[in-house]
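Q: Next come a sequence and a model predicted from it.
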Amino acid sequence: MAQADRRESTNDPARVAVTAAGVVSPLGFGLAETLESLRSARDCVTPVMRFAVTQCRCKTAGQVSDWRLLASYGQIPRSRRLHRASHMMIQALQELVTQQPEFEPELTVIGATSGGMSYGERYYRSLTGAGDLRHAPTWIANYPAQKPVTDAQTACGISAPCYVIANACASGTNAIGHAFECVRSGRYQRVLAGGYDALAEMVFLGFDSLQASTPEKCRPFDRHRSGMVLGEGAAVLALENLDSARARGASVLAEIIGYGISTDNFHITQPEPSGIGARQAMERALESAHVSAADIDYINAHGTATVFNDAAEGKAISALFNGVPVSSTKSMMGHSLGAAGSIEAVVCLLALQHQFLPANINFTTPDDGVDLNIVGNEPRSAVVDVALSNSFGFGGTNASVLMRKLEA
Amino acid sequence: MSLAIAGMGWVTPLGTGIDSVWERLLQGHEASATTISEEFADRVYSVFRVPDSALRGISHPRLRRASAISRFAAAAGLHALESAGVKLESQNAERIALIFATSNGGVSYTKRFYHEIVSTGVQAASPLLFPETVFNAPASHLAAMLGMTGATYTLVGDGAVGLAAITMAEELMANESLDYCLVVGTEEIDWLLCDAYRRWRFLRLAPPIEPFSNQNRGMILSEGAGAIVLARDGLVTIERAPPGGYFNRRAEAETILRRILGDLSQIEIDFVISSANGTFVDHAESQTLQEVVPNALVYTGKPALGESGGAGGLWQIILAAQALHSK
């Protein structure tokens, strides 16, 4: 980072604009396809074919099409050797760069949980099964979690230093939140933020072993919910000092106005049942944004559809907010772990831009235990000025970000 | 903004405790290598392990099933807080942030979890092991042991991730609602890691580590943790923590190092704690140091302590702080 670009913190925090975004998810490639899928409340969860799931409780996931990923092959040297996660990141970042070719980040902050895990699986299976290890160096070199980030930056001519935050399922929101704090403090003018994760057998079987994933449809906040389905994807957002973005004539998609993070120490895989951790993250985001709960128009919930998570999050939301519309878009695309927070930030961005509430599909029966205004099954047109996005992860890590619509 | 080091904790193959490990390094001690093997492979690797005695007295219900990486991190983190005189209570639980740095995470449990699936079948996937495979499991255990309720982050990266965690801590501490940031770098050893690094041509089969050698024979892996408590006041200050950079091709290493060191050129540098570990990167570091700080003394602790990935950066900070503090 150029030291000259830095300025010390002041008491007057900078405003933080989102000037571009890119996304690859089961909902589609790019903002336009994602919007179309959200508008039509499309169920993008499909049977898993990538590895054997016949003996698993869950047999479905939200998946990104391999043949669409082929489009990024050839963009950088040896791209056929790269992991799918790299190709997802490359395509998401390319979309962002197309919108803002002049965006040169000083720092990149990306959330991820699994890196190139499926390459690690291949290596291990070859090692233990006397398989062909000729490609082992390639698998190993593409396994680290930072590799898809540097691959994407290389493909797009970006060389910013990067952090990979691995805070389990909250990683993507943590990445956006930390990037927001970095710009707001005045330390950086432009930060690239986002997250990625690609479906991997080991992770799939891990959630299956915990009986956290469902053999049925993913039904967040439904009384009959029975668990999550996994997903995959990547999303990136260009965060920029609002004044400097406007000074250079950049279009502004939205403003990030607040971030809250908390840790609850109840259990490594389960949230504190009263929802105190989730509540603290949301309260801190509101406080950070200097807005009240009454100012929130839409909540994109973490909403994994597990019994415990939705109960805890539902309690926290109903305690803080009075009838604010809530949906979990994981019902349409599954839970993409480290990517989830950043993809859901893009969903909020689209809701703010296009003034609608994305749907929580597969919702049939309200849960008597929580009082929530669920956007059931169909999207709704609505005035959406401020949106809140939640992500909560293993280890009791909780994160919330607040975004606001900005008039041009 | 400059930050100060208020406390430190050190778990290494040369033992634990700042003064004890420092004294041993001053006396020229080097960790003893042991060998590590695997039932499904013939190859044996040399590693530097943390002695069992180093973790005596560290117990908590959260650590009952936790892997070595979590125990190392807990020991170093608790020592650092104790030496800083910081006690966590409900009133200040959210005023202390925690940043973890690791390259490989809980690799031994990850291997065990997947091994049972590969060898026995899907039904063998263990719900007890899976949560320990997650990168932020060690951070979660330490946060729970301490009762932290504020920000906790786990950063994953290469051998520079520990220094990136210091930079991130500096960014977090710009927020005045924080009094302290505990930064912990940690790593554990497994045969699988040795094999992977060997296939990646970074590892040699037996000591010594030969830093700045023309041969680039490779490194020996080690394990442990380093922890520092950052505050606004303390005995040693961190004047600047550049965010670093990644290189995708070996040829880019020198350019990036030159840029990073160039950012520090206004500071008079007498002594450099190098990350030299016997691999190709040493050449780039050596060239850049000769160019940017030709008169500085250079030291690397890796021949004595081994290459410990995520812990390595914190070990370098501890070495620098000790050198400055003890003169």
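A: Arrived safely.
Q: Poorly predicted segments of the stretch 51-200 of chain A, please.
A: Judged by pLDDT under 70, the stretch 51-200 of chain A has no weakly predicted residues.
Q: Could you do chain B as well?
A: Across chain B, the stretches falling below the confidence threshold (pLDDT under 70) are B:1, B:327.
Q: and the residue of it nearest chain A?
A: For chain B, the residue positioned closest to chain A under C-beta to the nearest C-beta is B:Ser140, at a distance of 3.1 Å. For glycine as for every other residue, the C-beta is placed from the backbone atoms N, C-alpha and C.
Q: from the middle of its chain, how far away would whichever strand or helix holds that residue be?
A: Following DSSP states H and E, one finds B:Ser140 within helix B:137-146. Shown here is helix B:137-146, whose average C-alpha point lies 17 Å from the average C-alpha point of the whole chain (C-alpha atoms, centre = their mean, to the nearest Å).
Q: Distance of the closest residue to chain B within the stretch 251-400 of chain A relative to A:Phe308?
A: Sorted by distance to chain B under C-beta to the nearest C-beta, the residues of the stretch 251-400 of chain A start with A:Gly395, at 3.1 Å. Counting by C-beta to C-beta, to the nearest Å, the separation of A:Gly395 from A:Phe308 is 15 Å.
Q: More neighbours: those two, which one.
A: A:Gly395 (29 against 15; other C-beta atoms under 10 Å in any protein chain shown).
Q: check contacts around the closest residue to the more buried one other than its chain neighbours.
A: Across the structure, with C-beta to C-beta, 6 or more residues apart in numbering or on different chains as the measure, the residue nearest A:Gly395 apart from its sequence neighbours is B:Ser140 (3.1 Å). B:Ser140 makes contacts with A:263, A:265, A:268, A:394-397, B:152, as judged by C-beta atoms under 8 Å, 6 or more residues apart in numbering or on different chains.
Q: Distance-wise, check the residue in chain A sticking out farthest from the centre relative to chain B.
A: Each residue of chain A has a distance to the centre, and by C-alpha atoms, centre = their mean the biggest one is for A:Ala130: 37.7 Å. Spatial separation of A:Ala130 from chain B under the definition C-beta to the nearest C-beta, to the nearest Å is 9 Å.
Q: What's the separation between that residue and B:Pro131?
A: When C-beta to C-beta is the yardstick, A:Ala130 and B:Pro131 sit 31 Å from each other.
Q: what does A:Ser213 give?
A: Computed as C-beta to C-beta, the A:Ser213 to B:Pro131 distance reads 15 Å.
Q: Which one's more surrounded, those two?
A: Just comparing A:Ser213 and B:Pro131: by other C-beta under 10 Å the higher neighbour count belongs to A:Ser213, 28 against 24.
Q: So for the more buried one, what's the nearest residue that isn't a sequence neighbour?
A: Leaving aside its sequence neighbours, A:Ser213 sits nearest to A:Cys58 (C-beta to C-beta, 6+ apart; 3.6 Å).
Q: Now for the one you found: which residues touch it?
A: A:Cys58 sits next to A:204, A:207-208, A:213-215, A:227, A:229-230 when contact means C-beta under 8 Å, 6+ apart.
Q: of all the residues you listed, which comes closest to chain B?
A: For the contacts of A:Cys58, the minimum distance to chain B (C-beta to the nearest C-beta) is 6.6 Å, reached by A:Asp208.
Q: helix, strand or coil for that closest one?
A: For A:Asp208, the assignment made with DSSP: H, G, I helix; E, B strand; the rest coil gives helix.
Q: in terms of contact, does it touch A:Cys56 like I think?
A: Yes: A contact is recorded between A:Asp208 and A:Cys56 when judged using C-beta atoms under 8 Å, the distance being 4.7 Å.
Q: Between these two, which contacts overlap?
A: Residues touching both A:Asp208 and A:Cys56 (C-beta under 8 Å, 6+ apart) are B:Val122.
Q: Helix or strand: which one has the closest residue to A:Ile361 other than its chain neighbours?
A: Residue nearest to A:Ile361 in three dimensions, not counting chain neighbours: A:Ser331, with 4.5 Å by C-beta to C-beta, 6+ apart. If you go by DSSP H and E, A:Ser331 is part of helix A:330-333.
Q: Next secondary structure element downstream of that helix?
A: The C-terminal neighbour of helix A:330-333 among helices and strands, as given by DSSP H and E, is helix A:340-354.
Q: list the contacts for residue 53?
A: You didn't say which chain, so I picked chain A. A:Val53 touches A:59, A:204, counting by C-beta under 8 Å, 6+ apart.
Q: please go with chain B instead
A: Remark: with contacts taken as C-beta under 8 Å, 6+ apart, B:Ser53 is in contact with B:Gly15.
Q: B:Thr16 versus that one, what's the distance?
A: Using C-beta to C-beta, which is the criterion applied here, B:Ser53 is 8 Å from B:Thr16.
Q: which residue ranges form the helices in chain B?
A: Secondary structure of chain B, counting by DSSP state H: helices at B:18-26, B:68-84, B:107-120, B:130-133, B:137-146, B:161-172, B:191-199, B:253-263, B:281-292, B:302-305, B:310-326.
Q: Could you single out the most deeply buried of the ones you listed?
A: Most buried of those, by mean neighbour count (mean count of other C-beta atoms under 10 Å in any protein chain shown): helix B:137-146, with a mean of 28.
Q: quick one: that helix to helix B:107-120, angle?
A: On the basis of axes from the mean of the first three to the mean of the last three C-alpha atoms, to 10 degrees, helix B:137-146 is oriented at 120 degrees to helix B:107-120.
Q: Contacts for stretch A:401-408 next, please.
A: Taking contacts as C-beta under 8 Å, 6+ apart, the residues outside stretch A:401-408 that touch it are A:17-18, A:173, A:176-177, A:180, A:251-260, A:285-286, A:288-289, A:291, A:296, A:341, A:345, A:348-349, A:352-353, A:384-389.
Q: If any of those are buried, put those into a ChimeraX selection.
A: For anyone working in ChimeraX, the buried entries among those, judged by 16 or more other C-beta atoms under 10 Å in any protein chain shown, can be selected with:
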select /A:17,18,173,176,177,180,252,253,254,255,256,257,258,259,260,285,286,288,289,291,296,341,345,348,349,352,384,386,387,388,389
